[in-house]
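Peer 1: I would like the atomic coordinates for the input below:
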Amino acid sequence: MTQAPFTTHDVFNQSPPFWDVDLFTADAPLVAAVAANGGAAATAELSDFGKQWGSAVMAERGRVANENTPKLRMFDARGNRRDEVEFHPAYHELMAHSAHAGVHNSTWTADGRPAGGAAEVVRAAKFYIAAQVETGHLCPITMTRASVAALASQPDILAKTMPVIGTRAYDPSFAPWWTKRGMTLGMGMTEKQGGTDVRANMTRAERDGDAYRITGHKWFMSAPMCDAFLVLAQAEQGLSCFFMPRFAPDGTVNSIHFQRLKDKLGNRSNASSEVEFHGAYAELVGEEGKGIRTIIQMVQLTRQDCAIASAGLMRSGLAHALNHARHRSVFQKHLADQPLMQAVLSDMALHVEAQAALVMRLCRAFDRAPTDAGEAAYMRLLTPAIKYWICKSAPSFLYEAMECLGGNGYVEEGILARHYRESPVNAIWEGSGNVMCLDVLRALGREADAALAVLRALADETEGLPGAADAVAMIGKSFRRSDSERIARLAVEKLALLAAAAALNQVSPKNAELFATTRLAERHAGMYGAVDLSDADQRALLARALP
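Peer 2: Okay, here's the model as predicted:
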């Protein structure tokens, strides 16, 4: 007698995976923000990108790349020093897709000048979408893109590297950069004793003919598999910036000795290293003693990407929470139809929509800064403020998104646990929260008139919105105080909220009013959903967030 299969239950009342979706067209706030900031002509291109990155295949690559973390191979089988980092093929596929779409170079012309038009906005939309799938690989992508700004201080190096940086090819081979189809660049700034205080760096650079030999260490050097790095070292005239390739001009492996890879909370697909330089070959970028001024051009762009990536992570958290709530039934109704869940999700949707509008507005300033002094001032003042607010809001937001899924959100089979582990990194890297606030104060001190003009423009753009006039007054008063540093976090957050309301007002005036009411006129509660939005406003926000 054949025994019946031992089946205890059927699987039902579970949400389907959130994949095989166009991550661009399914995101109406993103579509509107891109269009409002000059990128409407790229709609078809961005939809193709959104379909590719929204596929089940790309989701699986993101999972596998993070479960199979990089490995440091310091020596070959015969004992020769190699210092190579080995990655799972899924990581290389993610890199190749980002490179093919120009996420690492599309904001530059073939000779390394700003591309203009809406290049920053369109590229940012791709970065925002890719971050929703896998964020770790975007570290070398963003550093490669940003390095061009620093290399502009050394035209001869830019001229010889740009033909390789400028290709839409990814070449992971361990070979001299000038022999490759494409190249990536990283950076090494912080040391054990200094961290943020890079002026305390002890790494030395000594002249060797037309080049330099660098001896010292870096406590954090991310993306150690890159083909070259921009590093800071003390030269005769002071702290200077150097271009350090993995291979010396004679083709030998440069004396860049990795000590170990960092065991990080998140960002696990990406390698970060501790490294020593033993007389490593390098070339000066810019002037001796002007290293911070040189590399800050790169840092400004990496900070921009930190904000974009964090906003993308939150968008993904919202989308997965909404997808789950619309398919999961509790107490004879879908979760998405329960009043408390609607309050939570709609408040989260409002937060994400404002951030999408704000990062695209910031990218418009980057596009226009070379020819528009007002946009350049907006970029300098608001980049640190926007990074501060967006990046620091990500962990609490993603925790809330996980809770919307209950236990399913907490397990590693889903993407939200990985997003949550990823979420603190952008607030810590490229300048922590206090550093961002100090940078805002420095911008105000150096360019008081330009900063005041930016604040006046924000006042005009938010005129009539609830709480906006009081916010403008509070910001102006706070920054004029003799103890402005003590209250800088309060003022910088308010500045970012005001800028978000202004950006959203250009995209969706109705939602800008809701945002201002809940964030400017009132102090937003510590928990999402602790706001009083009408049923109609909640439904409209959720319908706009995800069809």
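Peer 1: Report the secondary structure element holding R544.
Peer 2: When elements are assigned from DSSP states H and E, R544 belongs to helix 535-545.
Peer 1: tell me the secondary structure for the residue lying closest to A401 once chain neighbours are set aside?
Peer 2: Taking Cβ to Cβ, 6 or more residues apart in numbering as the measure, A401 lies nearest to G317, with 3.2 Å between them; neighbours along the chain are not counted. Just so you know, the C-beta spots here come from the backbone N, C-alpha and C atoms, and that holds for glycine as well. Three-state assignment for G317 (DSSP: H, G, I helix; E, B strand; the rest coil): helix.
Peer 1: that older thread, in terms of secondary structure, what does the helix holding R544 contact?
Peer 2: Where contact means 3 or more Cβ pairs under 8 Å, 6 or more residues apart in numbering; DSSP states H and E, helix 535-545 is packed against helix 28-36, helix 291-327, helix 339-368, helix 509-519.
Peer 1: Now Q300: closest residue in space, sequence neighbours ignored.
Peer 2: With Cβ to Cβ, 6+ apart as the criterion, Q300 has its nearest non-adjacent residue at 6.0 Å, and that residue is T383.
Peer 1: Report the separation between that neighbour and V440.
Peer 2: Distance of T383 to V440, given as Cβ to Cβ, to the nearest Å: 9 Å.
Peer 1: what sits against S484?
Peer 2: Under the criterion of Cβ atoms under 8 Å, 6 or more residues apart in numbering, the contact partners of S484 comprise L441, S478, A491.
Peer 1: switch the cut-off to 10 Å
Peer 2: Residues in contact with S484 (Cβ atoms under 10 Å, 6 or more residues apart in numbering) are C437, V440, L441, L444, G445, K477, S478, A491.
Peer 1: follow-up on the earlier one: how about the helix holding R544: buried residues?
Peer 2: Buried positions in helix 535-545, judged by neighbour count with 16 or more other Cβ atoms under 10 Å: D537, Q538, A540, L541, L542, R544, A545.
Peer 1: again, but for stretch 498-513
Peer 2: With burial defined by 16+ other Cβ under 10 Å, the residues of stretch 498-513 counted as buried are 498-508, 511-513.
Peer 1: Quick check: next helix or strand after the lowest-mean-pLDDT helix or strand in the chain?
Peer 2: Across the helices and strands of the chain, mean pLDDT, DSSP states H and E gives its lowest value to strand 329-330, namely a mean of 86. Using DSSP H and E, the helix or strand that follows strand 329-330 towards the C-terminus is strand 333-334.
Peer 1: Listing partners with orientation, what would you give for that following strand?
Peer 2: In the sheet containing strand 333-334, the strands it pairs with under DSSP bridges are strand 329-330 (antiparallel).
Peer 1: which residues are contacting the partner strand?
Peer 2: Where contact means Cβ under 10 Å, 6+ apart, the residues beyond strand 329-330 that reach it are F12, N13, L335, A336, D337, Q338, M341, G406.
Peer 1: Could you give the number of residues near the residue nearest to Q300?
Peer 2: 24 (other Cβ atoms under 10 Å).
Peer 1: and if you look at T7?
Peer 2: The burial metric for T7, expressed as a neighbour count using other Cβ under 10 Å, is 6.
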